[in-house]
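> fold the following for me, if possible:
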Amino acid sequence: MHVLVLNASYEPLQKVDLRHAIRMLVREVAVVEEAEEGRTIGTFPVPKVLRLVRYVAMRWRHGRRPPWSKRGVYLRDRGVCGYCGKRGHTIDHVVPQSRGGEDTWENTVLACGRCNNRKGDRTPQQAGLRLNVEPRVPRWDELVGH
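You can find the predicted model right below:
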């Protein structure tokens, strides 16, 4: 189980595991914003969302693009295939890796199994597929899983 951590300004920062969340409550660096009904760990309600007591400056995020990850592509594309719009489960390289394509935000989209198999080791144009999204670097807040 993961707990969403908000900055003091209510912007999402990250997700932490339950053990880490309880340690934050014990150290009094965060307060519970949302909890699971009727569940406790000791004196603490089981949190779903925590908010930091003090604002944490996000300087490390400004001016830096998020590092590429498969999970990040899934979150950016909201679980939807970039070709047909159905549920996507695999990462597709627009320019295949065998042709020099890299693991970058601008070269990867989420794809369903059908579209990924149809495309294979070709470009979308060669496979007769149209990319319905523009692969892009996501905003940091898009990468905080829901």
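
> quick one: list the elements packing against the strand or helix carrying Asn117.
Secondary structure from DSSP states H and E places Asn117 in helix 113-119. When contacts are defined as 3 or more Cβ pairs under 8 Å, 6 or more residues apart in numbering; DSSP states H and E, helix 113-119 packs onto strand 90-93. Quick note: C-beta positions are derived from backbone N, CA and C, even for glycine.

> now what about the strand it packs on, what contacts it?
The contact list for strand 90-93 (Cβ atoms under 8 Å, 6 or more residues apart in numbering) reads 70, 73, 82-83, 101-103, 107-113, 115-116, 119.

> direction included, what does the strand or helix carrying Val32 pair up with?
Assigned by DSSP H and E, Val32 belongs to strand 30-41. Within its sheet, strand 30-41 is paired with strand 44-52 (antiparallel), according to DSSP bridges.

> any idea of the mean pLDDT for the strand it pairs with?
Averaged across strand 44-52, the pLDDT comes to 96.

> which SSE is immediately downstream of that strand?
helix 70-76.

> quick check, distance from that next one to the centre of its chain.
Relative to its parent chain, helix 70-76 has a centroid offset of 5 Å by Cα atoms, centre = their mean, to the nearest Å.
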